[in-house]
Structures are given as C-alpha cells and as structure tokens.
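K.L.:
Return a 3D structure for these sequence lines:
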Amino acid sequence: MLDDIAPGWLWAIGGIVLLALEMVAPGVFLFWIGIAAIVTGLFALLFPIGIAGQLGLFAIYALLAVFAGRRFYAVKGDSQVDARLNDRTAQLIGRRVLVVQPVDEDGGRVRVGDSEWSARGGPAQPGDKVRITGVEGNCLIVEFERQLPAS
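P.N.:
Numbers count the residues shown, from 1 in each chain. Below you'll find the model as predicted:
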C-alpha cells in the first residue's frame with residue numbers, strides 16, 4: 001500500500017505527525033523537524049528526486065529549521081538575574097538597604113525588606129543607606145552610598 005503513495009506525501013504526513021507529537025509533548029524541537037519534513041515533501045512532490053536526494057534535502061532543511069528556531073527563540077544576551085536565579089542572596093547585590101546597627105569591617109546589621117541581615121563593610125551608622133556589593137555566606141558586604149545634598 002505504501003508503494004502507491006508518492007514519497008513526497010510520506011514526508012508531508014511524517015511532518016504532520018511530528019507537529020502533532022509536538023502538541024502532545026511540547027519541547028519545540030519536533031516542530032522544526034516536522035517543518036523540515038513537510039518542506040522536503042513539498043520539494044519531492046514538485047521535482048522528481050531520488051530517496052538519497054530527499055534524505056540530503058531533509059538533513060539540510062532540518063539544520064536550517066533548527067537554526068532558525070534557535071534564532072527565533074534565542075534569549076538576548078546573558079542576564080545576571082538568570083545567573084542568580086536560584087541564589088537568593090546573590091539577587092540582593094545592588095540593592096540599597098538601611099543600616100540598623102553600625103556597620104564596619106567587623107560587622108553590623110542592615111534591614112533588607114522585613115528582615116535584618118549581618119553585614120560588614122561600610123563604615124555606616126544607623127539610618128544610613130548602603131548598597132549591597134557582595135555576599136559571603138550569610139553576611140552581606142556593603143558600601144556606604146554617598147548622596148548629593150538636597151538643593
């Protein structure tokens with residue numbers, strides 16, 4: 001029965017099956033391979049080409065489709081937020097916080113949101129605003145943030 005069907009239709013049907021599988025188990029990879037199979041099938045229907053040529057075209061179309069897909073779904077640049085996604089303390093770097101106990105090289109305390117954290121750096125006095133520049137264990141490294149006088 002398959003001998004009666006043109007190879008181009010087999011490629012197209014295979015591509016549609018891959019697209020359907022992508023809907024069942026999404027991962028965005030089968031979609032691009034399915035597109036490559038459909039395009040190969042259309043090419044095989046339009047031009048008489050042997051199975052070796054069809055396989056070669058499919059390989060080329062699959063590579064092009066995957067690269068197009070990567071470009072389409074590419075994330076622009078590496079974000080430092082992504083690098084710190086699962087590191088809560090690293091996400092604090094760059095935030096301005098309020099000093100609640102004097103901070104110097106030996107220690108101190110700062111308020112981050114509704115909690116207090118150990119901190120060192122500074123020097124800063126209670127009520128000063130400091131910026132978190134690093135984290136060592138559960139101790140925040142802070143720097144005094146100079147502000148312009150009010151005009």
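
K.L.:
Domain ranges for this structure, per the record?
P.N.:
As assigned by automatic domain parsing, the chain contains the domains 2-72, 83-144.

K.L.:
can you redo those as JSON lines with mean neighbour count and mean pLDDT?
P.N.:
(Each C-beta comes from the backbone N, C-alpha and C, glycine too.) Output for the domains of the chain, formatted as JSON lines (neighbours: other CB atoms under 10 Å; pLDDT from 0 to 100):
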{"stretch": "domain 2-72", "mean neighbour count": "15", "mean pLDDT": "85"}
{"stretch": "domain 83-144", "mean neighbour count": "16", "mean pLDDT": "86"}
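
K.L.:
Which parts of this protein are helices?
P.N.:
7-24, 29-46, 51-72, 80-83, 88-91 (DSSP state H).

K.L.:
Just the CA trace of the third one, in PDB.
P.N.:
Extracted C-alpha coordinates of helix 51-72, given in PDB (Å, rounded to 0.1, in the frame of the first residue of the first chain):
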ATOM      1  CA  ILE A  51      15.500   8.900  -1.900                       C
ATOM      2  CA  ALA A  52      19.100   9.900  -1.400                       C
ATOM      3  CA  GLY A  53      18.400  13.400  -2.600                       C
ATOM      4  CA  GLN A  54      15.300  13.600  -0.400                       C
ATOM      5  CA  LEU A  55      17.300  12.500   2.700                       C
ATOM      6  CA  GLY A  56      20.000  15.000   1.900                       C
ATOM      7  CA  LEU A  57      17.400  17.800   1.500                       C
ATOM      8  CA  PHE A  58      15.800  16.800   4.700                       C
ATOM      9  CA  ALA A  59      19.100  17.000   6.500                       C
ATOM     10  CA  ILE A  60      19.700  20.400   5.100                       C
ATOM     11  CA  TYR A  61      16.200  21.700   5.900                       C
ATOM     12  CA  ALA A  62      16.300  20.200   9.400                       C
ATOM     13  CA  LEU A  63      19.600  22.000  10.100                       C
ATOM     14  CA  LEU A  64      18.200  25.300   8.700                       C
ATOM     15  CA  ALA A  65      14.900  24.900  10.600                       C
ATOM     16  CA  VAL A  66      16.700  24.200  13.900                       C
ATOM     17  CA  PHE A  67      19.000  27.200  13.500                       C
ATOM     18  CA  ALA A  68      16.000  29.300  12.500                       C
ATOM     19  CA  GLY A  69      14.200  28.000  15.600                       C
ATOM     20  CA  ARG A  70      17.200  28.800  17.900                       C
ATOM     21  CA  ARG A  71      17.300  32.300  16.400                       C
ATOM     22  CA  PHE A  72      13.600  32.700  16.900                       C
END
